[in-house]
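In: need a structure here:
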Amino acid sequence: MTLRPFATTLALLLMLITNGQVRANEASSSAYEAVIRNTIQSAIIPAYKNLLNKAVEQASALDAFCQSPDDKKLFHIRTAFRELVMAWSAAEIYRLGPATNENRQEKLLFWPDRRGRGLKQVRKLIADQNQDALDPVKLQKKSVAVQGLLALEYVLYGDRSDDITRPQENIFRCSYAASILQVIQENTDNILKGWQDKNGYAALMLKAGPDNPIYKTDKEVIRDLLQKADEMILTIESRKLAPMLRKNREQANHKRAPFWRSNLTLFSIRANLQSVLDFQEKAALKTLLPEEDRGEADALIFEITQSLKTLQLLDKQPSLEATLKSANGYDKLAYLKNPLKGAHVILSDYYPTALSITMGFNSLDGD
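Out: Residues are numbered from 1 along each chain as shown. The predicted structure follows:
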């Protein structure tokens with residue numbers, strides 16, 4: 001596989017920026033509004049609709065399993081879980097507006113759980129057969145760690161999860177999983193409503209101005225969207241890959257990654273990466289650039305495509321643990337920091353400079 005060095009992309013972008021070869025954007029206000037509208041209607045809302053649909057499908061598969069559990073139906077609910085995780089991973093990028101209200105995104109995915117406190121709470125609920133966990137209303141009042149995707153993963157893949165086909169384990173685990181899914185559906189539905197309501201967050205984004213409590217200009221909206229895309233890249237690099245890779249292969253620890261029990265870590269990261277590409281393409285972000293500069297934005301496609309190709313080469317590994325123990329697998333995951341840094345430069349430096357946008361503080365930069 002021929003790999004274009006990250007240094008080449010970085011040098012090109014920095015040269016364009018420092019030499020002033022990236023022209024100030026001359027796009028009209030209608031062009032900005034179109035990009036914002038495209039992002040909302042073609043990327044954000046479809047991502048959350050898909051997440052809601054996959055949660056409904058998971059609940060349906062779970063109901064069929066719980067009524068008459070067997071190994072075949074267990075396979076089906078685990079397959080549905082994979083689809084649910086992929087849908088979440090495609091929506092994860094849009095950590096703003098309705099997703100941040102009432103800790104909804106944390107309720108969907110409480111991670112990282114650095115001290116394992118959330119896992120301990122989930123284990124205790126199951127061990128105690130806590131009946132409050134079976135009531136979605138009561139479950140929502142508990143810790144965010146016991147009501148989201150990682151709690152559901154533990155029910156389906158954690159200790160003694162194969163016993164879910166046995167009557168004694170089946171009753172509680174099934175009911176707890178069903179309760180989690182109702183909470184996931186409710187939180188996702190509330191996020192969707194927050195975007196779609198007449199006076200919701202989409203309306204705020206599309207009507208920037210002096211009377212808008214959040215956005216005074218369209219460029220501020222684009223700044224937020226660029227920052228969320230950049231944060232997705234930085235989250236992958238600094239929070240999903242670095243903690244499990246650590247300093248070397250001997251120290252690598254697959255349990256530091258999300259979704260390792262279901263072996264969906266790398267699939268989830270691929271969906272995260274694809275969501276960044278989808279943002280640029282579905283939003284038609286490049287249309288804000290002068291015609292002669294749009295080709296440089298394709299560097300983002302190159303860097304993320306390189307990352308996706310590298311991850312695809314690991315599909316045949318039986319588990320994340322096996323990937324990290326393999327010299328070839330470890331090296332491929334370690335290599336990802338190069339194209340990810342290239343993507344970071346494009347989102348945090350190239351686009352903002354080209355559009356004359358000042359980016360705000362990013363708490364993930366350098367994490």
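
In: going forward, measure contacts and count neighbours with C-alpha atoms only.
Out: Fine.

In: Centroid-nearest residue for this structure?
Out: Centroid-nearest residue in the chain: residue 92, 3.0 Å away (criterion: C-alpha atoms, centre = their mean).

In: State whether that one and residue 272 are indeed in contact, as I suppose.
Out: Yes: with contact defined as C-alpha atoms under 8 Å, residue 92 counts as touching residue 272 (7.1 Å).

In: Which neighbours do those two have in common?
Out: Counting by C-alpha atoms under 8 Å, 6 or more residues apart in numbering, the common neighbours of residue 92 and residue 272 are residue 232.

In: Sketch out the low-pLDDT regions of the chain for me.
Out: Within the chain, the ranges that satisfy pLDDT under 70 run 1-26, 168-169, 361-367.

In: For it, give the helix that spans the most residues.
Out: Longest helix of the chain, by residue count under DSSP state H: helix 167-196.

In: Can you list the buried residues in that one?
Out: The neighbour-count check on helix 167-196 (16 or more other C-alpha atoms under 10 Å) flags 169-170, 172-192, 194-196 as buried.

In: In this structure residue 262 contacts residue 153, no?
Out: Yes: under the criterion of C-alpha under 8 Å, residue 262 makes contact with residue 153 at 6.9 Å.

In: What residues sit buried inside stretch 288-305?
Out: In stretch 288-305, counting by 16+ other C-alpha under 10 Å, buried: 288-290, 293-294, 296-297, 299-305.

In: on that earlier part again, could you list every helix and strand in contact with the longest helix of the chain?
Out: helix 45-67, helix 104-108, helix 136-140, helix 149-157, helix 201-206 (3 or more C-alpha pairs under 8 Å, 6 or more residues apart in numbering; DSSP states H and E).

In: Among the buried residues of stretch 288-305, which lie within helices?
Out: Per DSSP H, the buried residues of stretch 288-305 map to helices at 294, 296-297, 299-305.

In: Could you export the residues you listed as JSON lines, including distance to residue 43?
Out: Below are those laid out as JSON lines (distance: C-alpha to C-alpha, whole Å):
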{"residue": "294", "distance to residue 43": "21"}
{"residue": "296", "distance to residue 43": "22"}
{"residue": "297", "distance to residue 43": "19"}
{"residue": "299", "distance to residue 43": "21"}
{"residue": "300", "distance to residue 43": "17"}
{"residue": "301", "distance to residue 43": "17"}
{"residue": "302", "distance to residue 43": "20"}
{"residue": "303", "distance to residue 43": "20"}
{"residue": "304", "distance to residue 43": "18"}
{"residue": "305", "distance to residue 43": "19"}
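
In: Among these, which one lies nearest to residue 254?
Out: Closest to residue 254 out of those is residue 304 (22.7 Å), distances taken as C-alpha to C-alpha.

In: Next up, the contacts around the nearest residue to residue 45 once chain neighbours are set aside.
Out: Setting aside the residues directly before and after it, residue 45 is nearest to residue 192 in space (C-alpha to C-alpha, 6 or more residues apart in numbering), at 6.7 Å. Contacts for residue 192 (C-alpha under 8 Å, 6+ apart) come out as 45, 48-49, 98.

In: now those in CSV, with neighbour count and distance to residue 117?
Out: Output for those, formatted as CSV (neighbours: other C-alpha atoms under 10 Å; distance: C-alpha to C-alpha, whole Å):
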residue, neighbour count, distance to residue 117
45, 19, 33
48, 23, 28
49, 17, 31
98, 22, 26
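
In: what's the closest of the residues you listed to residue 245?
Out: residue 48 (30.7 Å).

In: so who does that closest one touch?
Out: When contacts are counted by C-alpha under 8 Å, 6+ apart, residue 48 is found next to 87-88, 91, 188, 191-192.

In: so how far is residue 200 from it?
Out: With the distance defined as C-alpha to C-alpha, to the nearest Å, residue 48 ends up 15 Å from residue 200.

In: what does residue 38 give?
Out: Counting by C-alpha to C-alpha, the gap from residue 38 to residue 200 is 16 Å.

In: Comparing the two, which shows the higher neighbour count?
Out: The neighbour comparison of residue 38 against residue 200 (other C-alpha atoms under 10 Å) goes to residue 38, with 18 against 15.

In: hang on, the more buried one packs against residue 282?
Out: Yes: distance between residue 38 and residue 282: 6.4 Å, which falls inside the contact criterion (C-alpha under 8 Å).

In: Pull the contacting residues for residue 321.
Out: Per C-alpha under 8 Å, 6+ apart, neighbours of residue 321: 253-254.

In: Distance of it relative to residue 31?
Out: 47 Å.

In: Residue 247 now?
Out: 45 Å.

In: Looking at those two, which one has more neighbours?
Out: Between residue 247 and residue 31, counted using other C-alpha under 10 Å, the more crowded position is residue 31 (16 against 11).

In: Need the nearest residue in space to the more buried one, chain neighbours excluded.
Out: The shortest distance from residue 31 to any non-neighbouring residue, by C-alpha to C-alpha, 6+ apart, is to residue 288 (6.6 Å).

In: thought that neighbour was touching residue 32?
Out: Yes: assessed by C-alpha under 8 Å, residue 288 is found in contact with residue 32 at 6.9 Å.

In: wait, what's in contact with residue 64?
Out: residue 73.

In: hang on, I meant residue 330
Out: Contacts of residue 330 (C-alpha under 8 Å, 6+ apart): 245, 249, 323-324.
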